[in-house]
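Asks: structure of the sequence below:
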Amino acid sequence: MTNTRIAGVDNPLAKMRLFRSPFTDGGNAAAAAYDALAILHGLRQQNIVTPPYYLHIHGNWAEIGWHAAQHIAYLDGEKSEWDTWAGALRRLGDQAGAQNTKAFGYLGFDAWDHTQGRAPDESAEFPLMQFFIPAHRLLLTADRIEAQGISLELLRDIAEASRLEPNPPRRACRAVAEFPKFDYIAAVERTKRTLSHGLSKVVLSRYRSFAQETDLSVLFQDYCLGEKYADAVLMDFGSVGAAIASPELLMGIADGAIRANPLAGTRSLGAFEAENERIARSLLSDRKELAEHILALRQMMGELQPHCAPDTLTVSKLLDTARQNKVMHLSSELRGRLREDRHCVDALLALFPSAMVSGVPKAEAIRLIRRSEPFPRGLFGGTAGWLSGRSCRFALNIRGIYRYGQRLFVQAGAGVMAESDAARENAEVEMKMAAMLDALAGG
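Replies: Next comes the predicted model:
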């Protein structure tokens, strides 16, 4: 598949409203994001775009992909071998690379069971792994549009779509279920008593669910595009979808160079810069938060090491602070080079699911999560992104609103250690969910 660069005054997109403002270094590509969302909504209004489709925003570009030329879906309760779906994902990525395109999709947290030789959790009523190669792709940057698999007639439809109303009206969503505060606090207390020298950290989560009264694209605009994200993802696979403003890059590989940006250790942001500087100093001197971060970082390094060329895996940044709109995290960065005899899927599955959302050691932590959380995690704590040959980019599925059928779910977790204060861990979870809950309330 070849790229078509859209330029000149004779093409249908030449006069399309592209961007409201230029990109700015270090910020979200808000102008591109809103226009890409307007285009996607317009194409959906015209029934040109139907599931599966995605909108993925990172840095200074926004990409829309739709209509599956190739589609794989696994772990829908069936007992296929681990190599079956992992191999299918490798082959799809290789096919996408050979066609100069991408395979986009997700991997749900509960797929981890399958990597351990167990059948996937059958309570998840959707495939825990889905990817597709889009027949049509549209890439928007600050100065150009590139199209794949798009005819002149479809370009005219896209130009028309950009002039339609950007989104349907918003509505408040009705809460229908949750993992209550006091049950969560009790689970944290039980977990603390279970922790030992061999099990250092467990990430426990809470959820709240809602009847779907608002389209995911509205929530993506109202919530995701107002956040400080590394990757923003709007995806719809029919039975499952999500609007995610992920601050955390699970793993990216470009030309063999691996990068990961784990976050762990959290504080609420203050109202003033001087206050935030004080909060940052407090975070950087908090024994529990530092230990939580370093333990998970060490585990990730051990998981990546076998897939990196010798002497290339390094911690390029250690214990920085990263700010979102309402929270501050401890942030580190791993870099390495993918071994020539390894695939990007090998490195991805070595990290999956991230120690930052599971625990240390991972296998023992997830077994305790299964006993402590009376629900499957689904998309939360999994990953979404793309692969093409040996290159890829996958965001951690946190700070997202997840749709299963006609239900919307918000979920967040906190790292539990022996010295954790259960009420404080619950407060951290509520702080992480607050902006998403505001969007669902129509606020």
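Asks: residues in a beta bridge with residue 337, which ones?
Replies: residue 257 (DSSP bridges).
Asks: for the spatially most central residue of the chain, which non-adjacent residue is closest in space?
Replies: The residue lying closest to the centre of the chain (CA atoms, centre = their mean) is residue 397, at 3.3 Å. Excluding the flanking residues, the one nearest residue 397 by CB to CB, 6 or more residues apart in numbering is residue 382, at 4.7 Å. Where you see a C-beta, it was placed from the backbone N, CA and C, and this is true even at glycine.
Asks: show me what contacts that neighbour?
Replies: The contact partners of residue 382, by CB atoms under 8 Å, 6 or more residues apart in numbering, come to 106, 107, 108, 109, 110, 111, 128, 352, 353, 397.
Asks: which of the residues you listed ranks first by neighbour count?
Replies: residue 397 (30 neighbours; other CB atoms under 10 Å).
Asks: tell me how far the residue nearest to residue 397 lies from residue 50.
Replies: 24 Å (CB to CB, to the nearest Å).
Asks: doesn't residue 242 make contact with the residue nearest to the centre of the chain?
Replies: Yes. Judged on CB atoms under 8 Å, residue 397 makes contact with residue 242 at a distance of 7.2 Å.
Asks: and residue 251, its phi and psi?
Replies: Per-residue torsions, residue 251: phi -170, psi 140 (degrees, to the nearest 10).
Asks: okay, now it: neighbour count?
Replies: Residue 251 has 26 nearby residues by other CB under 10 Å.
Asks: surely it and residue 395 touch.
Replies: No. Contact criterion CB under 8 Å: residue 251 and residue 395 do not qualify, at 9.3 Å.
Asks: out of the contacts of residue 382, who's nearest residue 94?
Replies: residue 107 (17.4 Å; CB to CB).
Asks: returning to that earlier point: what sits against the residue nearest to the centre of the chain?
Replies: Contacts for residue 397 (CB under 8 Å, 6+ apart) come out as 106, 109, 242, 244, 246, 379, 380, 381, 382, 383, 384.
Asks: next, work out how far apart it and residue 418 are.
Replies: 27 Å.
Asks: quick one, helices of the chain?
Replies: 30-45, 82-98, 112-115, 152-161, 181-194, 216-222, 273-284, 287-304, 344-351, 362-372, 422-440 (DSSP state H).
Asks: tell me how far the longest one lies from the chain's centre.
Replies: A distance of 18 Å separates the centroid of the chain from that of helix 422-440, by CA atoms, centre = their mean, to the nearest Å.
Asks: with the fourth one instead?
Replies: In terms of CA atoms, centre = their mean, the gap separating the centre of helix 152-161 from the centre of its chain is 30 Å.
Asks: check contacts around residue 337.
Replies: Applying CB under 8 Å, 6+ apart, the residues contacting residue 337 are 256, 257, 258, 308, 309, 312.
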